[in-house]
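[1] Quick check, what structure comes out for this input:
(one chain, ligands or ions: 2)
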Amino acid sequence: LATPGYQVHLCDVSEEALNKGFAGIEKSLARFIKAKHLSEQDAEDARSRITGFTELEKAVSDVDLVVEAVPENMELKKRIFYDLDRFTKPEVILATNTSELSVTAIASATKRPRSVVGMHWFNPPPVMRLVEIVRGVDTSEEAIEVIKKVSERAGKETVVVKDVQGFVTSRAISAHMMECMKILEEGVASAEDIDKAIRLGLNYPMGPFELADYVGLDTMLFASEGMVEAYGDRFRVPQTLRKLVEAGHLGRKSGKGFYDYTKERETVSVKK
Ligand SMILES: CCCCCCCCCCCCC[C@H](O)CC(=O)SCCNC(=O)CCNC(=O)[C@H](O)C(C)(C)COP(=O)(O)OP(=O)(O)OC[C@H]1O[C@@H](n2cnc3c(N)ncnc32)[C@H](O)[C@@H]1OP(=O)(O)O
Ligand SMILES: NC(=O)c1ccc[n+]([C@@H]2O[C@H](COP(=O)([O-])OP(=O)(O)OC[C@H]3O[C@@H](n4cnc5c(N)ncnc54)[C@H](O)[C@@H]3O)[C@@H](O)[C@H]2O)c1
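    Ligands and ions are numbered 1, 2, ... in the order given. Next up is the predicted model:
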């Protein structure tokens, strides 16, 4: 959002967490500069528009829009929205990047459910082309329009969907990934070969296990629990996924998941 010109307040729980965020932004800017999508000056301008905060009240007291992206946990999201409702000006729109939680339930923690809306980005957000906008039961047309405008200014296409478990995208990808997980657990093929088959045979940019590591296995587990609760037997929480998360193997962000990123991995991604 800083690249297309917005002033951004980035808030996280500690300086260490903030620095991780800034390091991620640097990596992305470097890739864009290398690919000549951005000049050094554009990158510098984007950097100068981002200010870090570790206190939520200070971060949001004078903003026009909040995009929340804390871990996928309903109690935590509700606590944050309760605070956002108290700390922001009354006209501010409060968006959540939740992958599958009920936007309507998150909105119930505020006194302004009309201004609460889903703004679902995709990883890596600077590259992926869609923002899925989720209309909660009370979300106003104005809130939807603001998110459309902001997304378009960030170069994204949008779709507006109803607030059902998993919306369109997480529901669809869950079906695909959970079936691949069953294929793995049945011993039909290795994770590497399933990933290769899906990439080369079906032309997906990433196989299910490399994508799961990329998204983060903790986020995957939270999301799959929600899918099972809503849709029952059509989905089930994969035990292999649960065990990896219990062991602290969260994918790329912890160095290990379905693959080990601490060693130079014979990468299974297709290089041109
Ligand atoms: C198995 C477990 C089962 C459990 C079931 C659980 C179910 C629950 C499901 C819920 C999931 C929720 C998910 C979430 O809410 C929504 C998501 O985010 S879903 C994930 C969406 N993302 C994808 O699907 C990504 C797929 N991958 C790709 O598109 C590509 O691989 C890639 C990441 C773009 C990388 O492309 P490559 O060609 O491989 O690599 P390159 O390095 O050449 O990059 C291409 C191009 O992109 C630029 N780039 C890449 N990354 C970044 C970045 N971070 N920042 C900036 N730019 C980047 C790169 O520079 C290249 O640019 P170019 O040179 O081409 O101009
Ligand atoms: N990972 C993905 O690919 C992806 C894609 C789309 C949407 N999402 C959604 O985005 C949200 C975040 O997911 P993630 O995978 O980035 O999680 P993550 O755990 O990797 O990152 C969450 C961030 O929130 C910070 N945080 C925790 N508590 C906070 C608080 N009280 N105040 C401010 N910051 C706090 C953490 O320090 C961390 O930086 C989830 O709702 C997830 O479903 C994730």
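
[2] Now do the contacts for Met220.
    Neighbouring residues of Met220 by C-beta atoms under 8 Å, 6 or more residues apart in numbering: 177, 212, 241, 251. To be clear about C-beta, it is placed using only N, CA and C from the backbone, and glycine gets the same treatment.

[3] Would you mind measuring from it to Phe81?
    Using C-beta to C-beta, to the nearest Å, Met220 is found at 23 Å from Phe81.

[4] List of residues touching stretch 28-35?
    Residues lying outside stretch 28-35 but in contact with it, judged by C-beta under 8 Å, 6+ apart, are 3, 38-40, 43, 46-47, 124, 126.

[5] can you tell me if it touches ligand 2.
    No. Applying C-beta under 6 Å from any ligand atom, one finds stretch 28-35 out of contact with ligand 2, separated by at least 13.8 Å.

[6] Show me what counts as buried in that stretch.
    For stretch 28-35, burial by neighbour count (16 or more other C-beta atoms under 10 Å) applies to 28-29, 32.

[7] near ligand 1, from the contacts of Met220?
    When contact is defined as C-beta under 6 Å from any ligand atom, the contacts of Met220 meet ligand 1 at 177, 212, 241.

[8] The first one and Glu68: what is the separation?
    It stands for Met177. 24 Å.

[9] Settle it for me: which of those two has more neighbours?
    Using other C-beta atoms under 10 Å, the more surrounded residue of Met177 and Glu68 is Met177, with 24 against 19.

[10] thinking again about what came up before, and the contacts of Met220 as a markdown table, adding pLDDT?
    As requested, these are exported to a markdown table (pLDDT from 0 to 100):
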| residue | pLDDT |
| --- | --- |
| Met177 | 96 |
| Ala212 | 98 |
| Leu241 | 96 |
| Gly251 | 98 |
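
[11] Enumerate the residues of the stretch 1-150 of the chain near ligand 2.
    Counting by C-beta under 6 Å from any ligand atom, the stretch 1-150 of the chain sits next to ligand 2 at 11-13, 17, 69-72, 80, 97-99, 121-123.

[12] One more: the stretch 151-272 of the chain?
    215-216, 219, 253.

[13] now Ala109, what's its secondary structure?
    coil (DSSP: H, G, I helix; E, B strand; the rest coil).

[14] isn't it right up against Leu76?
    No. Using C-beta atoms under 8 Å, Ala109 is not in contact with Leu76; the gap is 10.7 Å.
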